[in-house]
Structures are given as C-alpha cells and as structure tokens.
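Engineer: Got a predicted model here, sequence first, then my questions.
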Amino acid sequence: MATKKEATQPTNAVNSNNAAATNGNQGMFAAVLSRLDMAFSKLNPSYNFQQIIKNPQKQVIVSLPVMMDNGKIEVFQGYRVIHSMALGPSKGGIRYAMDVDMDEVKALAAWMTFKCAIANLPYGGAKGGIQCDPRKLSVGELERLTRAYTSAMADVFGVNKDIPAPDMGTGKREMAWIVDTFSKIRGEDIPGVVTGKPLTLGGSKGREAATGRGVMISCLEAMKKIGMNKKTATCAVQGFGNVGSNAARLIAAQGIKVLGIGDHTAAFYNPKGIDIDAALKYVKENGGILKGFTGGDLVSNEELLLSDVDILVPAAVQNVITEDIAKNMKARLVVEGANGPTVAAADPILYEREITVVPDILANGGGVTVSYFEWVQNKSGHYWSEDEVNAKHDASMSTAFEHVWFNSKQYKTNLRTGAYITALKKLEQAVEYRGNY
Ligand code: NAD
C-alpha cells in the first residue's frame, strides 16, 4: 500500500491529469480531474488510489454502419467507457447527442462511479453514447442504430458486468431494443442487462420519474439545512425532458412556486407561477417541445438562469452555469439535475457568494438508485409497488444527502467537494481491499 507521502511523487505512467494541464479550454474530463484534485487536497488519499481513480478502466469506440431510410449507409461513432468496477458491475446511461465524444463519455462515466458510491449502491461507473441527432432520425433509423450499438457492445454489456440505462436522447423505447437485441444474441431472456425498461419488459415502477424525484428530495433536504421555506420559495428549471419535467412537477407538488421553465426551443417566466400540468400537457401534444407555450413570458435561456427565483434547477445540458452566470445569479440554492451543468471555475464564485449547490453526483442519483431497484427486481423475479419504490428511494436519497452534508462540514468545504470526499473514502477502501497485481 502506498503511503500518503507518495501522493506528491511524479510518475511516468499514463496520467489523465496531463490532459487537464494542457487543456486551456477545459474539457469535461478535465473538469472532473480538477474537482478530484480539490477533493484529494482535503482527503489526501494514497498516491496509488489517486492514479487508479483518475484513469478510466476501459474505453471502447465502435463504428456503426446503419442503413438509412434513403437506402444509403451512414456510419455513426459509438462509445462506452467503464470508469471503475471497484464497487461492482459498472452502471451508466447511454446518451444520443451530436456533442458526444470520448472526453464527454469519460467524464460522465467517472461521475457515475462517484454517484453510485454516494448513493451506496453496489455498482461501479460507466457511460455510453452515440454521436447523432436523435431528433433528425426516423424511428426505424433509431432502432437500427440502437440494435447496431448493442450488437457491437455485446461483449461489454452484461447483467453482472456492465448495465446501461437511459440518458439524454434515450428512454424506455431504446432500452427495450437493447434488451431484445442482447437477449437474442445470448439466446436467453436477460432483462437485467439494462434498466429504465418499459414496465411490461421488467421495468420498475417509479423509474421514469426517479431522477426528477431525487432532485426534489435533494432540494427539500437542502432547504431544511439552509432554512428556506417551502411556502414562500420560488424556483426555475432549465430542461423539460425526463429530469426537468419530473423535477418541476414534483417540486411544484411540494408547494414551491415554479416561476420559470425552458428547453432547447424556448424558455418562459411567469412571476405568478407556471402551471406545470398545463406545460406537461402542452409538451405532450406538441412533439415534446415547449416552443409556443403561452403560460409565461418568453425569455432567453440566460434570462431563465438569472431569473428572480430562490432555487435554480439546471436539468438540461452541461456547462450552462458559467463564471458570468455564477456572478449574477439571483438564486440562493442550485440543485443540479443535469450532469456537469456548472463549470469548475464557477464553483469558488458560488461558494464565496454563499450560494448552496447540491452537486449532480448527489442530486441526480435518484435515477440510478431506482435503476438498482429495477435490477434487484429482475434478479429476484419479484416486483415492488410504486409506493415501496418511492419510499426506499426517498430514504436512500436523504441518507446520501446527510453523508455529503456531514463530510462537507467535517472537511470545511462546499457540498461538491463533500460529495467527492464521500465517494472517494468508500472507493479507496474498495480499491485497497481488492489489491493490485
Ligand atoms: P432528455 O433528453 O429527456 O431532456 C433534455 C432536455 O434538455 C430537453 O427538454 C431539451 O430540450 C433540453 N435541452 C437540450 N439542450 C438544451 C439547451 N442548450 N438549453 C436548454 N435546454 C436544452 O434528457 P434527460 O434524461 O432529462 O437528461 C437531462 C440531464 O440530466 C442530462 O445532463 C443527463 O445526463 C442528466 N441525467 C439524466 C438521468 C435520467 O435518468 N434520465 C439521470 C441522471 C442525470
């Protein structure tokens, strides 16, 4: 076992930190490393552990030839990164978006490792993605692409190995195609290879809303700690997909007024409060987008982030809370529904301004928590009621919040570093017990 002193020793080994050092325009994985460095400086874990946790265990890139509707082949790039299996089989969603690349997938995979550790799940972290614009593909093209990806990853995925789930641009439909393709390749029904499935294929009650529900629980826990009153508090939510719409609905159901919502097509602000049920109905009948909604004044995305609210929930894409937004934000509490919505350089600004930030690796852990419940139900063949799922989920999220809060106080740091510390403590132990060769 390495000593703490070794943490300062140089190395010739592959070191992802070099990427951070040379990357002027900080990429997503560099942002992970800079947050890790911050936590390392407080926790001072062993040199050996630092090297292991900074480098993803496995990185896979595949070319996916897909027959398009026009009869021509188009080749897509697919990715899967297994960041760590120290705590168990790796778990992580699959994203369909144009900006998917290896840097982004590495960052998202690392966050999954930390998220699972914080939520106390027996999982490591992974992530996958395909560089594509799902809005521009037909259902048939999406199905062929998803099946091609699953087939290419057949040796990577496995019920006790690597278990995908939905992320941006994917949902239960894609998960159904994955389980069907994987089961056909293996010649047996293997529902537990993926979570976030439709209920009829072994999905779990409560899974679809789980990430938004976890955001709501994190929000309530933070409000209790900082003394913010549910009856008077106001909120804005960026993103109106799976996470954002469920978070907005569940936060509003708590009596907190949601004054602002937005997606990639439009954002709206209403000082009297937005009727979230009306927005949900509108989106359902309007091809999944908010454009044209009339329940508030049209504002820009930036105006939404800077709007006059107590709570801000970024639940769309990464890097939206820039240094400028952090300097000018009116919200006193940020609950990160999206992965990586805050750039690393904004962290100290928010901390100095005493804005509480519940970090992604804690706040959006509700999805993977219920994914774990789904996997357990698939393994046991016994299925739970929605109330059972929600009760277990809420208790698990509240416990995770308490652990992170405790560590942030003990190490005199913000909640983000407190969350990293919570995860690293557990991961260091696991890595130490496993040993190396
Ligand atoms: P989704 O595809 O269902 O919805 C994404 C939403 O973001 C849409 O409303 C879209 O219009 C909006 N959006 C996209 N680009 C935008 C932009 N530039 N500005 C404003 N809005 C924009 O995706 P999702 O599953 O809700 O995921 C959202 C975030 O939450 C991602 O960061 C994802 O990694 C994270 N997350 C998702 C889950 C899950 O269970 N789905 C779990 C944990 C974390």
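Structural biologist: In hand now; what should we look at? Owing to the predicted nature of the structure, the values given are computational and were not obtained by experimental measurement. Residues are numbered from 1 along each chain as shown.

Engineer: quick one: average pLDDT of stretch 369-389?
Structural biologist: Per-residue pLDDT values across stretch 369-389 average out to 97.

Engineer: Could you pull out the buried residues of it?
Structural biologist: Neighbour-count burial for stretch 369-389 flags 369-375, 377-378, 383-384, 389 (criterion: 16 or more other C-beta atoms under 10 Å). Heads up, the C-betas are built off the backbone N, CA and C, glycines and all.

Engineer: One more: stretch 113-129?
Structural biologist: When burial is assessed from 16+ other C-beta under 10 Å, stretch 113-129 yields the following buried residues: 113-121, 123-129.

Engineer: From Asn229, how far out is Met223?
Structural biologist: With the distance defined as C-beta to C-beta, to the nearest Å, Met223 ends up 8 Å from Asn229.

Engineer: hmm, back to that, next, give me the two most distant ones among the buried residues of stretch 113-129.
Structural biologist: When the buried residues of stretch 113-129 are compared pair by pair using C-beta to C-beta, the farthest-apart members prove to be Asn120 and Gly129, with a separation of 26.3 Å.

Engineer: Now do the strands for the stretch 101-250 of the chain: every range, in order, please.
Structural biologist: In the stretch 101-250 of the chain, the strands defined using DSSP state E, counting those that start in this stretch lie at 124-131, 162-166, 234-238.

Engineer: Over to the stretch 251-400 of the chain?
Structural biologist: For the stretch 251-400 of the chain, the strands identified by DSSP E, counting those that start in this stretch occupy 257-262, 267-269, 297-299, 311-314, 333-335, 356-358, in order along the chain.

Engineer: Out of these, which is closest to the ligand?
Structural biologist: For the strands of the stretch 251-400 of the chain, proximity to the ligand was assessed by C-beta to the nearest ligand atom; strand 257-262 is nearest, at 5.7 Å.

Engineer: Which neighbouring elements make contact with the closest one?
Structural biologist: Here strand 257-262 touches strand 234-238, helix 242-253, strand 267-269, helix 276-285, helix 301-305, going by 3 or more C-beta pairs under 8 Å, 6 or more residues apart in numbering; DSSP states H and E.

Engineer: any residues touching that strand, and which ones?
Structural biologist: Counting contacts by C-beta atoms under 8 Å, 6 or more residues apart in numbering, the residues outside strand 257-262 that touch it are 233-240, 244, 248, 251-252, 267-271, 273-274, 276, 279, 290, 296, 299, 301, 304, 307-309, 316.

Engineer: mind listing what Pro56 touches?
Structural biologist: Residues touching Pro56, when contacts are defined by C-beta under 8 Å, 6+ apart, comprise 16, 81-84, 106, 109-110.

Engineer: Of all pairs in those residues, which one is the farthest apart?
Structural biologist: Between all members of the contacts of Pro56, the longest pairwise span (C-beta to C-beta) is found for Ser16 and Ile82 and amounts to 14.5 Å.

Engineer: Find the closest residue to the ligand in the chain.
Structural biologist: Proximity to the ligand, evaluated over the chain using C-beta to the nearest ligand atom, is greatest for Gly241 at 1.8 Å.

Engineer: I'd like to know how far that residue sits from Ala315.
Structural biologist: Distance from Gly241 to Ala315, by C-beta to C-beta: 8 Å.

Engineer: ok, the two, which is more surrounded?
Structural biologist: Shown here are Gly241 and Ala315; by other C-beta atoms under 10 Å, Ala315 has more neighbours (31 against 20).

Engineer: so the more buried one touches Arg249, yeah?
Structural biologist: No. Between Ala315 and Arg249 there is no contact, the gap being 11.8 Å when judged by C-beta atoms under 8 Å.

Engineer: shared neighbours, those two?
Structural biologist: When contacts are counted by C-beta under 8 Å, 6+ apart, Ala315 and Arg249 are jointly contacted by Gly212.

Engineer: Near the ligand, which residues of the protein are found?
Structural biologist: 166-169, 211, 238-244, 262-264, 301, 315-317, 337-339, 364, 367 (C-beta under 6 Å from any ligand atom).

Engineer: Just the buried ones out of these, please.
Structural biologist: Restricting the residues of the chain next to the ligand to buried positions leaves 166-169, 211, 238-244, 262-264, 315-317, 337-339, 364, 367, with burial counted as 16+ other C-beta under 10 Å.

Engineer: list the helices and strands the longest helix along the chain packs on?
Structural biologist: Using DSSP state H, we find that the single longest helix of the chain is helix 386-410. Other helices and strands packing on helix 386-410, by 3+ C-beta pairs under 8 Å, 6+ apart, are helix 102-118, helix 207-226, helix 360-363, helix 366-380, helix 415-434.
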